[in-house]
Every structure is written in C-alpha cells, then in structure tokens.
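In: dropping a prediction and its sequence here:
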Amino acid sequence: METEFEFTLPKGYLDTSGQLHRNGRMRLATAGDEMRAQRDPRVMSNPAYLTIVLLSEVITEIEGVNIIAPATIEKLFTADLAFLQDMYQRINDIEPPTIHFVCPDCGKEHDIPLNFTNEG
C-alpha cells in the first residue's frame, strides 16, 4: 500500500531568499494527525486554521525546505493551497461533496461531484 505521494505545486513555495520550491511529498493522514490538529490552540480559536495545521503534519517534504511548519503552509500561494487540499482529500479517500441534479430534458436524477479546483 502506498502511503506517500509526490506532488508538484502549480505555483511553488517562494522562500525568504526568493528561491522557488515546487516538488514535494505528502503522506496519508492518521487519526492522530487529525486529533492533534483539532487540539491545536490556533485551530480552537479559528477553525479555518485546521487545513493549515493538517497540511503541515502530512507534508513530509518540499524540496529545499528544512521544516514544514504551519508558517510555511501560510506562505503558499492560494492556488498551491487549493491544490494541496484537493490532494489531501484524494489520497485520504475523502468523498467529495456532491450536488443532486435532475436533468430537465429526460428527468433522470444524478449526483454530480463538486470540484473546487480547475482540474477536469
């Protein structure tokens, strides 16, 4: 079973020296990752911060970056954050949200997955 997955960020992480880092690795999340993230004081005061803390737990590498901390994830471009959120959901088999749709022509019902990224 594969537990780590390579990625290439669409824009890249720009460090303080101006160097761009695009390649990295993400591992599968554990129950412990999710529990630690939910107990993090930053998440308790701002639930939207959960994504930042979780990603800092499961991203094992961004080329040339020594420590992947929440502060690192905060500095990502929004396109890269969205990409990593989508990847997290995909590799951890989290069911994407769907919308129930009834075809106006034939009346057939469908559940269509919502994709919040620009991928097809």
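Out: Good, I have the coordinates. As the structure is a prediction and not an experimental result, all values here were calculated from the model. Numbering: from 1, shown residues only.

In: what's in contact with the helix or strand containing G32?
Out: G32 belongs to helix 31-39 when assigned by DSSP states H and E. Applying C-beta atoms under 8 Å, 6 or more residues apart in numbering, the contact partners of helix 31-39 are 43-44, 50, 53-54, 57-58. Every residue, glycine included, has its C-beta placed from N, CA and C.

In: helix/strand/coil for G12?
Out: strand (DSSP: H, G, I helix; E, B strand; the rest coil).

In: just to revisit the earlier point, ok, of the contacts of helix 31-39, which come out buried?
Out: With burial judged by 16 or more other C-beta atoms under 10 Å, the buried subset of those is 43, 50, 53-54, 57-58.

In: contact partners of the helix or strand just after the helix holding G32?
Out: Heading C-terminal from helix 31-39, the first helix or strand you meet, by DSSP H and E, is helix 41-45. Residues from elsewhere that reach helix 41-45 (C-beta under 8 Å, 6+ apart): 37-38, 49-50, 52-53, 70.

In: can we see that at 7 Å?
Out: The contact list for helix 41-45, computed with C-beta atoms under 7 Å, 6 or more residues apart in numbering, reads 37, 49-50, 53.

In: in helices only, show me those.
Out: Within those, residues falling in helices by DSSP state H are 37, 50, 53.

In: relative to R42, how far out is L28?
Out: L28 sits at a distance of 23 Å from R42 (criterion: C-beta to C-beta, to the nearest Å).

In: again, but for E4
Out: 26 Å.

In: mind listing the helices for the protein?
Out: 31-39, 41-45, 50-58, 70-74, 78-91.

In: least confident secondary structure element in this structure?
Out: strand 98-102 (a mean of 77; mean pLDDT, DSSP states H and E).

In: what's the residue sitting nearest the centre point of the chain in contact with, if anything?
Out: Among the residues of the chain, the one closest to the centroid is Q85, at 1.8 Å (C-alpha atoms, centre = their mean). By C-beta under 7 Å, 6+ apart, the residues touching Q85 are T51.
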